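> this is a predicted model, with the sequence first.
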Amino acid sequence: MTKSIKDDILKAIREVPLISPSASQLLEISNDPDHGLVDLVNIVKHDAPLTAQLLRIVNSAAFSRRAEITSIDRALSLLGEDMVVGMVLADAASHLFDSSLEGYGGAKGDLWEHNLRSAVAAKKIAAYSKTRVNGDTSFTCGLLHDLGKAIISDYLKNTPAEIIPAIAQGKFNNYSAAEQEILGLDHAEVGLELARYWQLPEPLPSVIGYHHKPDQAPSEIKPLAYVVHLGDIIAMLSGGGTGSDNLFHGLVPEYVDYIDLNNDDLALVVIEVNEEFNRIRNSLGREGVEQ
Amino acid sequence: MANLVVGVGDFAVSNDPEDIIKTFALGSCVAIIFLHKTSRTVGMVHVALPESRIKPEKAVTMPGYFADTGIPAILKAMNAKGCVTGGNNMIIKLAGGASVMDTNNTFNIGKRNILSIKKILWSLGMGPTTEDLGGTFSRTVTVPVKTGKITLSCPGKKDWPL
């Protein structure tokens, strides 16, 4: 039974549309620690619809410029890399981000908002890493980390009412364990498979796969896996979850070996994440209730 | 009728029986709901953090963000609506303060929010009559001003009263 569901899910991954060449290149460049804004400009200016979209956003009311911006170089430097990567990914995977997550009792837009909030939080947390972690890569991993939920949601319909009491009774340690039991794999593994199918560069697929178990990640990506793990946790605590699984995930306590974050730091990060999340969301025209 | 949505660090006060006050998806944040019996006024503040000393300039623009500035701010707003806050004329209820599954209790913002809110209320001679706090699930809070009956909701769970 479970094997058959697992096979169906793996097949469903292979039926997801591929992301555009521009999006794929942008993720690859953004993941390169030596990249500069000029590298992003070179990709964007060869993609006419993307150029038009960026210029529309930078000239929108959210930025309230006196003079119209017509140069893509200027637009990118004003928007900043996070906004550009966020916009490109939101567009490239809109069919997944706009999923209503019925299997989690979520609503349309929840997945996008949770991933964006996690991305912003991961980038902030990267600054507290004991070893250097690339903030841009942290942001991109955050944006992608829960996409697997969009694929398995349909297979989890009507399950939250059973899963939540089962966790309370100690039958499952967390929500991912329940997904494993019901489907034979969890949302992080599905996200990993999807990222590999899209041929995203490492470490993106692996970090997606280990975002709930950074302690088990290969040593070379462990610091980044912990950064994204904490970004996800902060997004959940801020109320920006994806439905019934919110907060039913564990904080891996060994994060203290990788991230130097005291209570005051955490409080400041919470404030900054809320402010930055609202700024990006409102600028991208996906405005909602501030949470 | 107006839906008054209370965002993070925001607060709302109403004595219009047609209004509904609501705050979405409290995680570690805590909603403090004040029900003033004689004037039938309802106030709600959505507190995100315990202490304003962490970022005093934020407390100036958004006092509701912190327990130590949010409670005085909403009480002042309720006083301005004619609520006399002394005696037993005020019912106070709390919801939220959840956490993730954290065995070492290191990310305990929810617990610190709860403690800070209770200390401040006690220092003012007040205290919650009812509370629905902690746990590992989010809470959306809805209060119609007309009845003052509070409903909590969470994805995957049936709605329940506070």
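Done, it's in. Keep in mind the model is a prediction, meaning the values are calculated, not measured.

> so for stretch B:142-160, what gets flagged as buried?
Neighbour counts over stretch B:142-160 (16 or more other Cβ atoms under 10 Å in any protein chain shown) mark B:142-145, B:148, B:150, B:152, B:154-157 as buried. Yep, even glycine has a C-beta here, placed from its N, CA and C like the rest.

> I should have written stretch B:22-42 there, sorry.
Those would be B:22-36, B:40-42, for stretch B:22-42 by 16+ other Cβ under 10 Å.

> quick one: it near chain A?
Yes - for stretch B:22-42, a contact with chain A is found by Cβ under 8 Å from any Cβ of the partner chain, at B:24-29.

> show me what the lengthiest helix in chain A is packed against.
Counting by DSSP state H, the longest helix found in chain A is helix A:263-283. On a contact count with 3 or more Cβ pairs under 8 Å, 6 or more residues apart in numbering or on different chains; DSSP states H and E, helix A:263-283 meets helix A:81-92, helix A:110-126, helix A:222-237, helix B:109-123.

> switch to 7 Å and redo it
Packing partners of helix A:263-283 (3 or more Cβ pairs under 7 Å, 6 or more residues apart in numbering or on different chains; DSSP states H and E): helix A:81-92, helix A:110-126, helix A:222-237.

> and the angle from it to helix B:109-123?
110 degrees (axes from the mean of the first three to the mean of the last three Cα atoms, to 10 degrees).

> got the angle for helix A:263-283 vs helix A:222-237?
70 degrees.

> what comes into contact with helix A:263-283?
If you take Cβ atoms under 7 Å, 6 or more residues apart in numbering or on different chains as the criterion, helix A:263-283 is touched by A:57, A:62, A:82-83, A:86, A:113, A:116-117, A:120-121, A:124-125, A:128, A:234, A:238, A:287-288, A:290, B:8, B:48-49, B:54-55, B:58, B:109.

> so among those residues, which ones count as buried?
If we count by 16+ other Cβ under 10 Å, those have these buried: A:57, A:82-83, A:86, A:113, A:116-117, A:120-121, A:124-125, A:128, A:234, A:238, A:290, B:8, B:48-49, B:54-55, B:58, B:109.

> go through the lowest-mean-pLDDT helix or strand in chain B and flag the buried ones.
Ranked by mean pLDDT, DSSP states H and E, the weakest helix or strand in chain B is strand B:3-5, scoring a mean of 93. Within strand B:3-5, the residues that count as buried by 16+ other Cβ under 10 Å are B:4-5.

> next one: the residue of chain B found nearest chain A, what pLDDT does it get?
Nearest to chain A in chain B, going by Cβ to the nearest Cβ, is B:G156, at a distance of 2.9 Å. Note for B:G156: predicted pLDDT of 82.

> go on, A:V289?
38.

> B:E131 too?
B:E131 is given a pLDDT of 97.

> mind listing what's buried along the helix or strand it falls within?
Assessed by DSSP states H and E, B:E131 sits inside strand B:130-133. Under the neighbour-count criterion of 16+ other Cβ under 10 Å, strand B:130-133 has B:131-133 buried.

> can you list the residues of the stretch 1-150 of chain A near chain B?
Contacts of the stretch 1-150 of chain A with chain B, taken as Cβ under 7 Å from any Cβ of the partner chain, map to A:104-106.

> so where is chain B shaky, pLDDT-wise?
Applying pLDDT under 70 to chain B flags the ranges B:86-87.

> actually the stretch 151-291 of chain A, sorry about that
In the stretch 151-291 of chain A (pLDDT under 70), the answer is A:285-291.

> where exactly do the helices run in it?
A:160-168, A:175-183, A:187-197, A:204-209, A:222-237, A:263-283 (DSSP state H, counting those that start in this stretch).

> what does chain B give?
B:56-61, B:67-80, B:109-123.

> make CSV from those and add distance to chain A to it.
As requested, the helices of chain B are exported to CSV (distance: least, Cβ to the nearest Cβ, whole Å):
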stretch, distance to chain A
helix B:56-61, 6
helix B:67-80, 12
helix B:109-123, 6
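
> reformat those helices as TSV; add distance to A:H35.
Formatted as TSV, those follow (distance: least, Cβ to Cβ, whole Å):
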stretch	distance to A:H35
helix B:56-61	33
helix B:67-80	42
helix B:109-123	35
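
> so which of these gets nearest A:D257?
Shortest distance between A:D257 and the helices of chain B, using Cβ to Cβ, is found for helix B:109-123: 21.2 Å.

> and that closest one, what does it pack onto?
Against helix B:109-123 (3+ Cβ pairs under 7 Å, 6+ apart) you get strand B:30-36, helix B:67-80.

> the inter-axis angle of the shortest one versus helix B:67-80?
Strand B:30-36 runs at 20 degrees relative to helix B:67-80, counting by the same axes, to 10 degrees.

> and strand B:30-36, how far from the chain's centre?
Mean C-alpha position of strand B:30-36 versus that of the full chain (Cα atoms, centre = their mean, to the nearest Å) differs by 5 Å.

> how about the stretch 51-200 of chain A: which residue is closest to chain B?
Here the stretch 51-200 of chain A gets closest to chain B at one residue, A:P160, 2.9 Å apart by Cβ to the nearest Cβ.

> buried ones in stretch A:211-218?
Buried-residue list, stretch A:211-218, by 16+ other Cβ under 10 Å: A:211-212, A:214, A:217.

> repeat that for stretch B:49-63.
Neighbour-count burial for stretch B:49-63, counted by 16+ other Cβ under 10 Å, picks out B:49-52, B:54-55, B:58-59, B:62-63.

> repeat that for stretch B:111-120.
Quick answer for stretch B:111-120 (16+ other Cβ under 10 Å): B:111-114, B:116-118, B:120.

> mind listing what A:A235 touches?
A:114, A:117-118, A:121.

> one more time with 8 Å, if that's ok
A:114, A:117-118, A:121, A:241, A:273 (Cβ atoms under 8 Å, 6 or more residues apart in numbering or on different chains).

> from those residues, which is closest to A:A52?
Nearest to A:A52 among the contacts of A:A235, with distances taken as Cβ to Cβ, is A:R117, at 27.5 Å.

> give the contact list for B:T151.
Going by Cβ under 8 Å, 6+ apart, the list of residues near B:T151 reads B:141-143, B:159-162.

> just A:Q25 next, same as before
Per Cβ under 8 Å, 6+ apart, neighbours of A:Q25: A:I43.

> name the nearest residue to the residue most central in space within chain B, sequence neighbours excluded.
With distances taken as Cα atoms, centre = their mean, B:I32 lies nearest the centre of chain B, 1.9 Å away. Spatially, and ignoring its direct neighbours in sequence, B:I32 is nearest to B:V45 (5.1 Å; Cβ to Cβ, 6 or more residues apart in numbering or on different chains).

> the one you found pairs with what?
Beta-bridge pairing for B:V45 (DSSP bridges): B:F11, B:I32.

> that one and B:C29 touch, don't they?
No - counting by Cβ atoms under 8 Å, B:V45 does not reach B:C29; the two are 10.1 Å apart.

> good, wrapping up.
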